[in-house]
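Asker: Below are the sequence and a predicted model for it; my questions follow.
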Amino acid sequence: MSQPSSPTDLTAAARLACAGPDALAQATAAAVAAARTGIEEVRQAGTGTGDPLAVLDRYDEACAALSDVACMASLIAKTSPDAATRAAADAAAQEVEKVATGISLDRGVYDVLAGLDLAGADPVAGHYLARVLRDFRRAGVDRDEPTRARVRQLQDELVTIGLEFGRNIRSDTRSVAVPPAALAGLPADYRRAHEPGPDGLVLITTDYPDLVPFLTYARDGHWREQLWRVNRTRGYPANAAVLDRLLAARYELATLLGYPNWAQYVTEDKMIGSEAAAAGFIAAVSAAAAGRTAADYATLLARKRVDEPDAAEVLPWDAAYLQDRVKAEQLDFDSQSVRPYFEYGRVRTGLMDLLGTLFGVDFHRVDDVPVWHPEVEVYQVRRDGAVIGQIFLDMHPRPDKYNHAAMFAMAGGKAGRRVPQCALVCNLPRPGAEPALLLHSDVTTFFHEFGHLIHHVFAGATRYAGVAGVNTEWDFVEAPSQLLEEWVRDADTLAGFARHHETGEVLPAQTVARLRAAEDVGRGLWVAQQMSYAALSLELHRGDPAGLDPVAVERAALAAHTPFRHVDGTYLHLSFGHLDGYSAMYYTYMWSMVIAKDLFTRFQAEGMRSAGTAAAYRDAVLVPGGSAPAAALVRDFLGRDYTFDAYRRWLDGADGDVR
């Protein structure tokens with residue numbers, strides 16, 4: 001066996017992210033060569049010979065070489081300012097996937113691994129090997145050669161199609177030119193940032209920092225509708241044919257491997273276990289929320305009738321605006337009023353300070369690491385003086401950048417080998433001549449996505465890279481992030497960093513109480529909307545897509561789970577980026593939330609600032625990564641299996657939270 005790699009060079013990934021197409025191609029070729037060398041060594045080890053743990057580790061290292069360069073390609077494709085480099089990143093992702101598919105279908109490698117005797121080894125090795133063998137079988141390694149050949153083709157096609165689907169969304173920022181009067185109701189800094197052009201009109205884009213405030217605060221319903229409609233046509237018509245190809249390739253692959261459809265294939269190895277269970281979960285959550293949803297809708301309709309006495313329905317572009325009006329008029333909470341307390345830099349520092357207190361780490365800013373854009377910030381995460389991870393913050397919008405919020409791995413961690421690295425990519429307001437003031441929902445997004453960062457970092461010292469970081473069951477991966485959102489609603493936590501950017505005044509506790517009450521407004525509608533998205537993603541994948549009408553599926557999902565009707569001429573599914581990565585599994589957000597609400601019950605009982613509870617959570621749930629089943633990790637922390645009870649109390653607004 002070749003020698004293990006040296007400890008992480010904490011600038012190598014960053015240099016690659018900044019390099020051009022040639023450097024990326026060279027790095028990809030080097031990773032592929034390293035992986036092939038490692039796989040050949042595994043194949044040559046032979047069944048029942050040598051140290052089985054050394055063979056398993058060599059396999060893990062070979063796969064890690066591919067995984068790391070694939071992660072970097074994904075990040076570069078979504079953040080590089082250079083079009084040629086983004087294209088090279090897509091090409092790199094395709095090349096790596098081809099090699100990975102070939103490994104997953106290599107019967108010789110599978111036979112060696114299946115013959116490893118791990119008797120007496122630790123449970124982590126057994127769990128990892130079981131996962132590896134399962135994934136080989138799910139890839140079709142035990143099928144005949146013609147089948148394996150077609151699987152290779154389909155896997156290659158799926159990578160190409162998925163990249164095209166995402167690229168079409170990412171590059172399709174649209175806009176509406178509105179008269180200055182249409183900005184009535186928007187915050188002063190928003191209006192100052194949107195001056196009229198030479199034609200006297202103001203350009204409002206579909207980027208989130210433009211879109212969300214406009215739909216929430218603009219008083220003119222006509223212009224809200226225009227922007228909402230334009231946003232719901234992103235990806236059209238380009239992605240219509242792309243989605244058809246994506247669904248067809250997934251269906252063929254699933255049936256070729258012996259599954260009735262893609263939904264069953266993709267849910268089989270998740271916590272939920274089957275497409276039927278996913279459908280049942282969606283139906284159960286929707287039913288549990290039905291009463292709350294109806295009441296929320298009635299509240300919004302009553303408020304709309306204050307302005308329009310003859311109004312017969314709440315339209316989708318009305319919802320955010322009406323919810324904001326209800327919060328302001330009935331609960332004395334103006335969501336704009338808290339923005340001066342959430343200046344971006346102070347929120348960032350406050351979040352890092354909170355995590356330092358809870359988990360015993362500190363975040364050290366470093367300036368000698370290259371970055372792919374001048375706005376990117378780099379921090380080393382340290383515990384007891386040792387660097388346990390490095391994070392990159394790319395937080396503000398720019399052309400051709402990923403336009404939502406997500407964590408992107410850059411280097412997977414492994415005990416004694418590599419320190420984990422990852423990037424947070426968001427689109428929050430940019431500091432400049434005006435301070436960057438965040439909505440409370442922006443702060444929640446910041447905390448949520450940072451939850452993925454710390455999960456990746458804390459789980460970066462497992463024995464195997466294949467179970468490090470967020471390599472746990474996919475429908476559990478959101479739970480740690482959703483749990484971290486709870487601190488955004490805590491008055492004591494907010495008092496640590498939520499200060500008025502001009503006066504220094506701490507956000508008053510009574511304002512936080514009103515904020516929490518305002519969060520209840522529309523909760524049922526939000527859950528219903530999420531379940532419609534979950535149903536859309538699942539139902540698109542539950543049968544033969546030949547002849548399938550995605551618009552009809554979208555219309556049916558809305559009708560089944562929400563009180564809103566589908567608007568003709570709009571195509572949410574064509575800009576629904578989760579249809580690429582998550583495919584049929586959008587249900588996972590709510591499944592994870594059920595678990596997160598239950599995890600939070602221990603903090604409620606023992607204290608949100610309890611270092612002991614936080615340490616127990618860190619060590620039981622975050623640090624193991626995917627080295628044990630997620631349900632077992634939760635059981636270790638709670639002392640019992642998770643239940644639906646805490647989620648139901650939250651949904652009903654009866655969770656007993658008196659903070």
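Answerer: Okay, I see it.

Asker: Can you tell me which residue is spatially central in this protein?
Answerer: Ranked by distance to the mean C-alpha position of the chain (C-alpha atoms, centre = their mean), the top residue is Ala406 at 4.9 Å.

Asker: Low-confidence ranges, the stretch 1-150 of the chain, go.
Answerer: Applying pLDDT under 70 to the stretch 1-150 of the chain flags residues 1-8, 47-49.

Asker: same for the longest strand anywhere in the chain, what does it pack against?
Answerer: As far as residue count goes, and with DSSP state E defining each element, the longest strand of the chain is strand 386-394. For strand 386-394, the elements it packs on are strand 377-383, strand 421-425, helix 440-458, judged by 3 or more C-beta pairs under 8 Å, 6 or more residues apart in numbering; DSSP states H and E. Every residue, glycine included, has its C-beta placed from N, CA and C.

Asker: What lies in contact with that strand?
Answerer: Outside of strand 386-394, the residues that reach it under the criterion C-beta atoms under 8 Å, 6 or more residues apart in numbering are 10, 14, 79, 348, 361, 363, 366, 369, 371-373, 375-382, 401, 410, 413, 419-426, 453, 456-458, 460-461.

Asker: State the helix or strand in which Val409 lies.
Answerer: Small correction: residue 409 is Ala, not Val. strand 406-411 (DSSP states H and E).

Asker: contacting residues around Tyr110?
Answerer: Counting by C-beta under 8 Å, 6+ apart, Tyr110 makes contact with Leu133, Phe136, Val141, Asp142.

Asker: Kindly provide the distance from the third one to Gly38.
Answerer: Separation of Val141 from Gly38 (C-beta to C-beta, to the nearest Å): 18 Å.

Asker: repeat for the second one
Answerer: Taking C-beta to C-beta as the measure, Phe136 and Gly38 are separated by 16 Å.

Asker: Sitting in helices, which of the contacts of Tyr110 do you find?
Answerer: Secondary structure assignment (DSSP state H) places Leu133, Phe136 from the contacts of Tyr110 within helices.

Asker: Domains of the chain: list them as residue ranges, please.
Answerer: In the domain annotation for the chain, the residue ranges read 12-104+106-139, 173-231, 340-521+589-652 (automatic domain parsing).

Asker: What's the end-to-end length of the first one?
Answerer: Pointing back at domain 12-104+106-139 there. 32 Å (C-alpha to C-alpha, to the nearest Å).

Asker: And the longest one, by the same measure?
Answerer: Using C-alpha to C-alpha, the span of domain 340-521+589-652 from its first residue to its last is 31 Å.

Asker: picking that back up, mind checking which of the helices and strands packed on strand 386-394 is nearest His194?
Answerer: Minimum separation from His194 across the helices and strands packed on strand 386-394 (C-beta to C-beta) falls at helix 440-458, 17.7 Å.

Asker: Thr101 and Leu154 touch, don't they?
Answerer: No. With contacts defined as C-beta atoms under 8 Å, Thr101 does not count as touching Leu154, sitting 9.1 Å away.

Asker: what's the pLDDT at Asp353?
Answerer: Predicted confidence (pLDDT) at Asp353: the value is 97.

Asker: And for Pro209?
Answerer: Here, the pLDDT recorded for Pro209 equals 85.

Asker: which SSE is it in?
Answerer: With secondary structure defined by DSSP H and E, Pro209 is part of helix 208-217.

Asker: That helix - contacts with which helices or strands?
Answerer: If contacts are counted by 3+ C-beta pairs under 8 Å, 6+ apart, helix 208-217 sits against strand 202-205, helix 221-231, helix 319-330.

Asker: List the buried residues in the longest one.
Answerer: This means helix 319-330. Of the residues in helix 319-330, Ala319, Ala320, Tyr321, Leu322, Gln323, Asp324, Arg325, Val326, Lys327 count as buried by neighbour count, 16 or more other C-beta atoms under 10 Å.

Asker: Repeat that for the first one.
Answerer: Within strand 202-205, the residues that qualify as buried are Val202, Ile204, Thr205, counting by 16+ other C-beta under 10 Å.

Asker: so whichever helix in the chain runs longest versus helix 319-330, what angle?
Answerer: Residue-count comparison of every helix in the chain, with assignments taken from DSSP H, identifies helix 275-307 as the longest. Computed with axes from the mean of the first three to the mean of the last three C-alpha atoms, to 10 degrees, the direction of helix 275-307 lies at 60 degrees from that of helix 319-330.

Asker: distance between helix 275-307 and the chain's centre?
Answerer: In terms of C-alpha atoms, centre = their mean, to the nearest Å, the centre of helix 275-307 is found 24 Å from the chain centre.

Asker: likewise stretch 232-241?
Answerer: 22 Å.

Asker: If you count neighbours, what's buried in that stretch?
Answerer: By 16+ other C-beta under 10 Å, the buried positions in stretch 232-241 come out as Arg232, Thr233, Arg234, Gly235, Tyr236, Ala238, Asn239.

Asker: Can you pull out the low-pLDDT segments for this protein?
Answerer: The model of the chain has pLDDT under 70 over residues 1-8, 47-49, 654-659.

Asker: Could the C-alpha coordinates of the helix holding Pro209 be exported in PDB?
Answerer: Once non-C-alpha atoms are left out, helix 208-217 reads as follows in PDB (Å, rounded to 0.1, in the frame of the first residue of the first chain):
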ATOM      1  CA  TYR A 208     -33.200  37.500  -3.400                       C
ATOM      2  CA  PRO A 209     -32.000  40.900  -1.900                       C
ATOM      3  CA  ASP A 210     -34.200  42.600  -4.400                       C
ATOM      4  CA  LEU A 211     -37.100  40.100  -4.600                       C
ATOM      5  CA  VAL A 212     -37.900  39.300  -1.000                       C
ATOM      6  CA  PRO A 213     -38.100  42.900   0.300                       C
ATOM      7  CA  PHE A 214     -40.200  43.900  -2.700                       C
ATOM      8  CA  LEU A 215     -42.700  41.200  -2.300                       C
ATOM      9  CA  THR A 216     -42.900  41.800   1.400                       C
ATOM     10  CA  TYR A 217     -43.100  45.600   1.600                       C
END
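
Asker: which residues touch that helix?
Answerer: Residues outside helix 208-217 that contact it (C-beta under 8 Å, 6+ apart) are 185-187, 190, 194, 204-205, 223-224, 227-228, 231, 317, 320-321, 324, 335-336, 397, 403-404, 427-429, 439, 441.
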